[in-house]
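take a look and give me a structure for this.
(3 chains)
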Amino acid sequence: MSDFEPRIVAFFCNWCTYGAADLAGVSRLDYPPNFRVVRLPCTGRLNPKYIIEAFKRGADGVWVSGCHPGDCHYIAGNYHARRKFVLLHHMIEAVGVEPGRLHFSWISSAEATKFQEVAREVVEKVRASGPNQSFRKAELDLGLAEVA
Amino acid sequence: MAKVVGAVMVAGGGVAGMQAALDLANAGYYVYMVEKSLAIGGRMAQLDKTFPTNDCSMCIISPKLVEVGRHINVELLTLTDILAIDGSEGDFKVRVRKNPRYIDMSKCIACGECTKKCPVKVGNDYNELLDTRKAVYVQYAQAVPLKYGIDAEKCLKLTKGRCGSCEKLCPAKAIDYTQKAEEAVLNVGSVILAPGFTPFGPRGLETYRYADSPGVMTALEFERLLGATGPTMGHVVRTSDHKEPKAIAFLQCVGSRDVNRADNGYCSSVCCMYAIKEAIIAKEHAKYDLQVTIFYMDIRSFGKDFERYYEKAKAKGIRFVRSRIHTIQPLADGGLRFHYVTDHGRSATEDFDMAVLSHGLTITAETVKMARQFGLAMDHYNFAKTSSFSPVALSRPGIYACGVFTGPKDIPSSVMEASAAAAAASSKLASARGTLARTVTVPPPVDITGEPPRVGVFICHCGINIASVVDIDKVVEFAKTLPFVEYASNTMFACSQDNQEQMVKLIKEYRLNRIVVSACSPRTHEPLFMETLAEAGLNKYLFEMANIRNHNSWVHAGNPVEATRKAMDMTEMAVAKAALLAPLTENVIDVDPTALVIGGGVAGLNTALALSSQGYKSVVVEKEGRTGGNANRLMSTAKDENVAQYLAGLQAKVEADPNISVVLNAEVDQVSGFVGNFETTLTNGDLVKHGVTIIATGAKEHRPEEYLYGQHPRVLTHLEMDEKFKAGDAEVAEAGAFVFIQCVGSRETGRLYCSKVCCTHTVHSAVTLKKKNPKARIFVLYRDIRTYGQREDIYKEARDLGVIFVRYEPERKPRVSQTGGKLAVEVHDPVSGRDLIINPDFLVLASAIVSGRENALGMKYKVPLDEDGWFFEAHQKLRPVDFATDGMFMAGLCHYPKPLDEVVAQAQAAAARAVTVLTQPKMTVGGIVAEINHDKCSGCGVCAAVCPYSAINLDPAKAGKAVVNEAMCKGCGTCAASCRSDAPALRGFTNAGLFAQIAAAL
Amino acid sequence: MTSLADLNQNIQTAARRALADGRAEVVFGYRQGTAPFTAAPHFARTPEDCGQFVWTSFARVNLAAYLPKYPGKVALIARGCEARSAVGQVVESQFPRENLYVIGVGCQGMVDPEAVLAREKRPIREVTEDLTTINLAGDGWTASLPKAEVLRRNCKTCVCRTPKDLADEMLGGDAPPLPADDFADLKALAAKPPQEKMAYFKGLVKDCLRCYACRQACPLCYCPVCFVDETRPQWLGKSNDAMDTFTFHLLRAFHCAGRCTSCGACEAACPMDIKLREFNRLLEEEVQKDWQFVPGASWDQKPPLTTYRPDDEADFIK
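All right, here's what the predicted structure looks like:
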């Protein structure tokens, strides 16, 4: 288990957390390289299916991060997203996905340090949860890139 | 004017010059951009970061550099000097000399081979001489134009006829030692001068030992030291012995606010902030607990979000010591001993490893010469003379200025002035608009219907930014194996103009129909690459970026193996998404050539006048019964200009202007529509159709709840005092003692910002009072005096006239009491350590400027406010008058407190920005917007309910199914995520594309 | 109300009146089924048709599910859950309120045949009912069970046994209210380790055939294309993969969140007797707790996923 490197899919809002990650880069704030970022225009764009899809495909963790409530570039996208997150977070944990696997945060484009802290925390918590063995498909269908 | 020429010359390719050039070029004028060096970019290109957001300076200007470099209506003349300006407003003949580059720009491919054998090492100006370059060189890595040049003064071939190695090595045969200077005469309607500044040279200040102590640097040198592209790649070391310093000290006001040793009485306005920035960045760069101390006289964090930045610096452990260092003594170990006098008057010494001299900004001798030659009036500091009411117009009609030329200022102020200068410079040229401008001819996009994806992948080294961590070759090889990839290669700088041209060629050569660039952030560079696609005849939306720099090499420097793997994954994700991208169409809508200006203060009226000079109509809506806003209450500017007279003139001009209609006693009621086609209903019932909106709603004076305000008739705010002045109040004239208290309601919890104007206002009032009644005793109780720029002169004047300045600590505010109507002000003087008691006849409170908290208005136009209630611009540095929402602009105090001259400049800037929209008879909408698949739509209305822009309706004509108004849709995708049957799709971010990315990520 | 016969008479009269008044072109209700423990949806367009309407404890489908497909005016003989679902259809623009006439009936709850069979092991030939009892008859025997003792699970915690607030017209007396679902079992489960929770929920759906009968029965599932049938992207694998099946139930529940009226049609339709509603209940609990929302409680309500409050709580977000 000690050399387990978790694979995490992150969904970031373009206007804030993605920018915070940009800024973390500019500021050379290092963090573990375990997550891959899907850039969204807004957390409002995050269909709950994406989170489940990431797990289905074997992600050990998922991290969703957007603008602080009230800061949405699109006025209210993150407010709507938050309601979905409340339900999804509750459901995912209630059906027995380890609490350390699914993470949500609000990080503004200026909060590079918070970004670094949360990035580290997410990776460590997913790492502590171990490999995702129960909330994934045994065999994957053909990847989309292959069938497109 | 007899003849009017539809072209403008902009002299100086710094950020101000670039902004002015772009605004003019986008408004239908042809622009000659004259730059005396090899490349544009100016001082900002040298900066590592910018305050107060710590944005990477190069990252934010590089898209602008490229935009200027490739704009069809900007003709870039590098290595060019202006010799003479003949003629007059509307029809100038400018004689220029184009100096030889000795390299044929059309042949140079910027490969750098020429530098390899060049034997001449020259101090590298870009790095402030901290390292060397060759005699053949490129100014900096991302320079525009990215072409090498030969330093004629140093080149052996050109000076002594020897060597010639570069000519032999150049694979493109671009070296041409025979080039000669050429003169040309350019015909333009106006000229904008943006020559910028040079840092004050501290050699003359012998006690600071700059000349002979390597540990003493200038701030610009230190900036280069911090820069990732600097001599030490951002590693903070003492250049002499490469030792990491344990303690660094900044010395403020070096060559500023100093008439004894430097002859520069003015405040350079930016040094406090850049010192704080450099201090923060230095601490971040150091892997250890670097001690940073800033020695200062007053901290002048007066701009938007500056005060928070200052507080943040304190919280990060940066030490601020109020003292002017008089002597630096070099120590044997390379260290430095500072001798200074503490705030309490005691002598002290302290040792540091490095000293950074926060030098002021000065005008170069060359600029002074030029200004004299062109017949421009200058002030005693050699800044160009302007009036507060026409802040960018110089003394010779038709010649304008922006940036530091008119006084020291920061980037956003320079950018604001640049747009203002564009507005002013074109104000007399409207009749010739479009006569010289060329139109863009983007080739019609190639129809790729039915073609399988053919993806081209470009992996960027970003110099060493990416390549020093990520194994680029490996990523390229991997990319070649990905489905649909037809072409993959590496590139030194993907964003360079060269590479853009190369991409266009490759797209055509390989018939690529999807492009992936693995480089830096799409937030900064996506538009640039999308334009390149368009140039290559590809729909610009067939593009995807992988951010392998900011999100990878910069943060995983210690783990090259994982960083490379991540770069491969990221590239794969981008390719997977790109393969599923579809060309997106943009539709054309009409633009209503009318502006709605909300607020009839000085800002609103100036905006309307500037728009009118370009031939555009405005409706100015003012909620009060008269125009003028806060200016109605002001007495005079810091330059002693009479505000009432100015305002009367302004109002008369507006009244006489057939393009402007003013609606009094009305506010905005309802708003619909979008850029190009807003419809606003006013509270009086009027319906205004307009293409752009300028918010200029001003701000209010804070009503103090302390210092007996409202309880004693002689405790007044600034504006109340001004009204008494204006009325010639007898009690004021006879009064013998005045106390001014600064920062009343500013710079404290809940209002953590500086109101910017109050120090100057107070000092100006004090001087006015003293001049009228030299016997009057005047006390100013302050925290930091912030008379920035040339305003410092009146601060000095006030002290010379005997005004007494007493500092107070925010923890020990002055106490005000009254006994039988007599006021008593008690204040603790931290210098003497004593409590003073003053009995003033009048107590004037420098009350904060507070936002009108126009949240409701913001909601109507979908524009945000920040936490202090100021309207929030699209970018704090580079888009200071734009909202993120298209067609929305702001001016004046609703953006942030500022003095009248800056209000006028911002108003003109807003007009210039608005003109770039209004000048297009049609504009395109669409692109990344939602669309509804009616086969999947049940008409349940979830999408319409969640749409933040009310862009979706259930259409009875379509069986109750949802339809999207493309012009109102902003592309957030909330609809697409909320629909249970996935009927809405957000173009560019489709389910299929995002699923492909998820699959590729794992 | 004295007897079931009276109630049936009143239903038929009300249905005829609705047709005669022009309030409806068709009346949705139930008629007797052809086998014991069954009833069939019945759509009456004439006074004669109305004669077949009965009140039944064996309704399996939710009549509101037929509303989106119907182009004209409808009178709905509605149990509480059906009235609430009809509200949902109106709120979600699937049926115009002005075309709907709700004939509400106080409901003692639907009877679970399995529960009856568990209590009565002898072969049953005939099943009849009264207002509050189920009457069974076999070869030479009769017996009677109180409905309250053999209710379907969802009916035991019904919060709308008497849809007075939603009906345009009420028939039958008030059914005494029941205590609402306290989710005690889910709360207890939530305290268990993740593996146990996962085992429980995966165990629930281990027999699922992915026949989608639950979806077909659900009044909320009116989408022209269901996500399970999508191919680009393919949200769900088409095979019987356990994770795909699990995903189906999670997303089905998610799509019902803040909309489900606990009518139980899904479970009634399931050929494998899967306790499908356990997934829905997870979210019902959350919707009630966080947003105090009861689906179908009023005609002008906004479903919780179409709106928000700036101060919505979400402590788990960092």
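
surely B:Val185 meets B:Lys98?
No - contact status for B:Val185 versus B:Lys98: not in contact, 11.8 Å apart, counting by C-beta atoms under 8 Å. Glycine gets a C-beta too; all of them are placed from N, C-alpha and C.

these two: which has the busier surroundings?
Ranked by neighbour count (other C-beta atoms under 10 Å in any protein chain shown), B:Val185 and B:Lys98 place B:Lys98 first, with 17 against 13.

what's opposite the more buried one in the beta bridge?
With DSSP bridges applied, B:Lys98 shows beta-bridge pairing to B:Thr80, B:Glu182.

pLDDT score assigned to it?
In the predicted model, B:Lys98 carries a pLDDT score of 97.

by proximity to chain C, which residue of chain A wins?
Using C-beta to the nearest C-beta, the single residue of chain A nearest to chain C is A:Gly96, 2.9 Å away.

quick one: the strands in chain A?
Ranges of strands within chain A are A:8-13, A:35-40, A:61-66, A:102-106, based on DSSP state E.

how far off strand A:102-106 does the third one point, in degrees?
With axes from the mean of the first three to the mean of the last three C-alpha atoms, to 10 degrees applied, the angle from strand A:61-66 to strand A:102-106 works out at 20 degrees.

what helices or strands is strand A:61-66 leaning on?
With contacts defined as 3 or more C-beta pairs under 8 Å, 6 or more residues apart in numbering or on different chains; DSSP states H and E, the packing partners of strand A:61-66 are strand A:8-13, helix A:48-56, helix A:77-94, strand A:102-106, helix A:112-129.

swap in the first one?
Contacts defined by 3+ C-beta pairs under 8 Å, 6+ apart place strand A:8-13 against strand A:35-40, helix A:48-56, strand A:61-66, helix A:112-129.

what stretches of the stretch 1-150 of chain B score poorly on pLDDT?
B:1, B:59, B:110-111 (pLDDT under 70).

just the terminal-to-terminal distance for stretch C:28-47.
13 Å (C-alpha to C-alpha, to the nearest Å).

what is the burial count for the nearest residue to C:Cys221 once chain neighbours are set aside?
Once its chain neighbours are removed from consideration, C:Cys221 has its nearest residue in C:Arg215; the separation is 4.6 Å (C-beta to C-beta, 6 or more residues apart in numbering or on different chains). The criterion is other C-beta under 10 Å. On that basis, C:Arg215 has 19 neighbouring residues.

what of B:Thr159?
14.

residues in contact with it?
B:152-153 (C-beta atoms under 8 Å, 6 or more residues apart in numbering or on different chains).

hey, which of the helices and strands packed on strand A:61-66 is tucked in deepest?
Most buried of the helices and strands packed on strand A:61-66, by mean neighbour count (mean count of other C-beta atoms under 10 Å in any protein chain shown): strand A:8-13, with a mean of 27.

partner strands of that one, with direction?
Sheet pairing of strand A:8-13 (DSSP bridges) gives strand A:35-40 (parallel), strand A:61-66 (parallel).

could you pull up phi and psi at B:Val881?
Reported as degrees, to the nearest 10, the phi and psi values for B:Val881 are phi -120, psi 0.

is it true that the residue of chain A closest to chain C touches C:Pro194?
Yes - when contacts are counted by C-beta under 8 Å, A:Gly96 is listed as touching C:Pro194 (4.5 Å).

any common contacting residues for those two?
A shared contact of A:Gly96 and C:Pro194, defined by C-beta under 8 Å, 6+ apart, is any residue touching both; here there are none.

on that earlier part again, right, and the strands of chain A - which one's nearest C:Phe316?
For C:Phe316, the closest of the strands of chain A is strand A:102-106, at 6.3 Å, according to C-beta to C-beta.

right, is the closest one up against chain B?
No - judged by C-beta under 8 Å from any C-beta of the partner chain, strand A:102-106 makes no contact with chain B; its nearest approach is 14.5 Å.

output that strand as PDB, restricted to C-alpha atoms.
Coordinates of the C-alpha atoms in strand A:102-106 are reproduced here as PDB (Å, rounded to 0.1, in the frame of the first residue of the first chain):
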ATOM      1  CA  LEU A 102     -14.900  12.600  -3.200                       C
ATOM      2  CA  HIS A 103     -13.900  16.100  -2.500                       C
ATOM      3  CA  PHE A 104     -15.400  19.500  -3.100                       C
ATOM      4  CA  SER A 105     -13.800  22.900  -2.600                       C
ATOM      5  CA  TRP A 106     -14.300  26.600  -3.400                       C
END
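
and it, what does it pack onto?
Here strand A:102-106 touches strand A:61-66, helix A:77-94, helix A:112-129, going by 3+ C-beta pairs under 8 Å, 6+ apart.

helices and strands around the second one, which ones?
Using 3+ C-beta pairs under 8 Å, 6+ apart, the elements in contact with helix A:77-94 are helix A:48-56, strand A:61-66, strand A:102-106, helix B:974-978, helix C:184-190, helix C:242-256, helix C:277-291.

got the contact list for the last one?
Helix C:277-291 is contacted by residues A:83, A:86-87, A:90-91, A:94-95, C:153-154, C:181, C:183, C:186, C:201, C:204, C:249-250, C:252-254, C:256-258, C:260, C:262, C:264, C:266-267, C:293-295, C:304, C:312-313 when judged by C-beta under 8 Å, 6+ apart.

many thanks, have a good one.
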